[in-house]
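Trainee: Structural data only, the sequence is not supplied:
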Ligand code: COA
């Protein structure tokens, strides 16, 4: 039986602000029509049920290259160099290396020399990384922190399963945060619920144990859909209450880009305007923890954000883990 436990909730105008963003996507765009050549599906079904038209899939590049490229762009945007970074947090669900951590490999390629850590909170990883960064900045353990969300779900989906493979895409996005009172509130919660969404890694055979069974990615789409809507609506109202802000004051809601219908349902529950919910799911699909920082980077570079804008971010994913925050741009 799943039970919810709120892990961390604070709203002291945390000592954090975002000063740089960057993102990098694989060059190969896989359209719905391309998928309909290998699966019993159609552009019409995928577009109407999910809002996705295409996704980027890693072909010749590597996840490390994408992560490093996103970090370099974010550092440049923040007017910092790799040596200025005191801590590197990498949000990642799966990559070629079990060890060392992906953050270590990215750190080496960047030429940084700070401590590094990987974090796996599935699609909620960016908000968990922001929370961890805020705690380090609050404790004065770091001045500049680089968060990189680097994800390749294309390596865990079953490409013969039409209900899961159509949803995901690969990508990376980085964010530089430093000291400054811009984080107004943040809320994380984890409810142990493995069955709705899980993937078991294939491990070496242990001669002293029975052979383990292997299954490709398992997902109950309907359960995830309902859990996502309920959690996100609750999380958003919690963080807004904590931050003492009203809906009128919010410029944008940056939601995890999992399904356009999930986002629309959340928007309808909140009774908010469509233009406050930026979306890029049609181009990239669900890139796990990278969806929100990719969107943030596009908005930053597209000149859509102005000083003082209040942003709500809300993410949800396997675990079942969720996170939301209110921050000022
Ligand atoms: N193309 C065509 N038909 C498909 C299909 C596809 N790609 N995928 C599934 N179908 C079929 C199903 O087999 C089913 O057929 P049946 O009625 O003959 O059994 C039918 O379409 C309806 O499937 P259903 O599961 O009811 O669709 P849905 O409206 O729930 O949409 C999802 C399915 C996966 C798009 C939706 O549940 C979803 O997005 N859930 C959230 C998933 C998610 O975000 N996961 C990541 C969270 S971080």
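Mentor: Sure thing, it's come through. No experiment lies behind these values; they were computed from the predicted model shown.
Trainee: Give me the distance between the helix or strand where residue 239 lies and the centre of its chain.
Mentor: With elements taken from DSSP states H and E, the one containing residue 239 is helix 221-243. With CA atoms, centre = their mean, to the nearest Å as the basis, the distance from the averaged C-alpha position of helix 221-243 to the chain average is 15 Å.
Trainee: do the same with stretch 194-208
Mentor: Centroid separation between stretch 194-208 and its chain, computed with CA atoms, centre = their mean, is 23 Å.
Trainee: Any stretches of this protein with poor pLDDT?
Mentor: For the chain, applying pLDDT under 70 flags the ranges 1-13.
Trainee: What lies in contact with the helix holding residue 239?
Mentor: Contacts of helix 221-243 from elsewhere in the structure, counted by CB atoms under 8 Å, 6 or more residues apart in numbering, are 9, 11, 163-164, 184-187, 189, 193, 195-197, 246-247, 250, 253, 255-256, 258-259, 261-262, 265-266, 269-270, 312, 314, 316, 320, 322-326. From N, CA and C alone the C-beta is placed, and that goes for glycine too.
Trainee: If any of these are buried, put those into a PyMOL selection.
Mentor: Only the buried members of these end up in this PyMOL selection, burial being decided by 16 or more other CB atoms under 10 Å:
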select buried, resi 11+164+184+185+186+187+189+193+196+197+250+253+255+256+258+259+262+265+266+270+312+314+316+320+322+323+324+325+326
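Trainee: and the contacts of helix 221-243, which of them are in strands?
Mentor: 9, 184-187, 189, 193, 197, 250, 253, 255, 312, 314, 316, 320, 322-326 (DSSP state E).
Trainee: Count the residues that sit near residue 249.
Mentor: Residues near residue 249, counting by other CB atoms under 10 Å, number 12.
Trainee: How about the contacts made by it?
Mentor: residue 310.
Trainee: if I look at the closest residue to the ligand within the stretch 201-329 of the chain, how far off is residue 170?
Mentor: Proximity to the ligand, evaluated over the stretch 201-329 of the chain using CB to the nearest ligand atom, is greatest for residue 221 at 2.7 Å. Residue 221 sits 20 Å away from residue 170 when distances are taken as CB to CB, to the nearest Å.
Trainee: These two: who's more crowded?
Mentor: In terms of neighbours (other CB under 10 Å), residue 170 is the more surrounded of residue 221 and residue 170; the figures are 27 against 15.
Trainee: so how far is the ligand from that one?
Mentor: According to CB to the nearest ligand atom, to the nearest Å, residue 170 and the ligand sit 15 Å apart.
Trainee: which residues pair with residue 28 across the strands?
Mentor: residue 57 (DSSP bridges).
Trainee: is it true that it touches residue 34?
Mentor: No: no contact is recorded between residue 28 and residue 34 when judged using CB atoms under 8 Å, the distance being 9.6 Å.
Trainee: Count the residues that sit near the nearest residue in space to residue 327 that is not next to it in sequence.
Mentor: Closest residue in space to residue 327, ignoring its immediate chain neighbours: residue 183 at 4.9 Å, by CB to CB, 6 or more residues apart in numbering. Other residues within reach of residue 183, judged by other CB under 10 Å, total 27.
Trainee: ok, now which ones touch residue 183?
Mentor: Taking CB under 8 Å, 6+ apart, we find residue 183 in contact with 13, 14, 15, 16, 17, 130, 134, 325, 326, 327.
Trainee: Over to residue 31?
Mentor: Going by CB under 8 Å, 6+ apart, residue 31 touches 43, 53, 54.
Trainee: So which bits of the stretch 1-150 of the chain are right by the ligand?
Mentor: Counting by CB under 6 Å from any ligand atom, the positions of the stretch 1-150 of the chain adjacent to the ligand are 41, 45, 46, 49, 50, 123.
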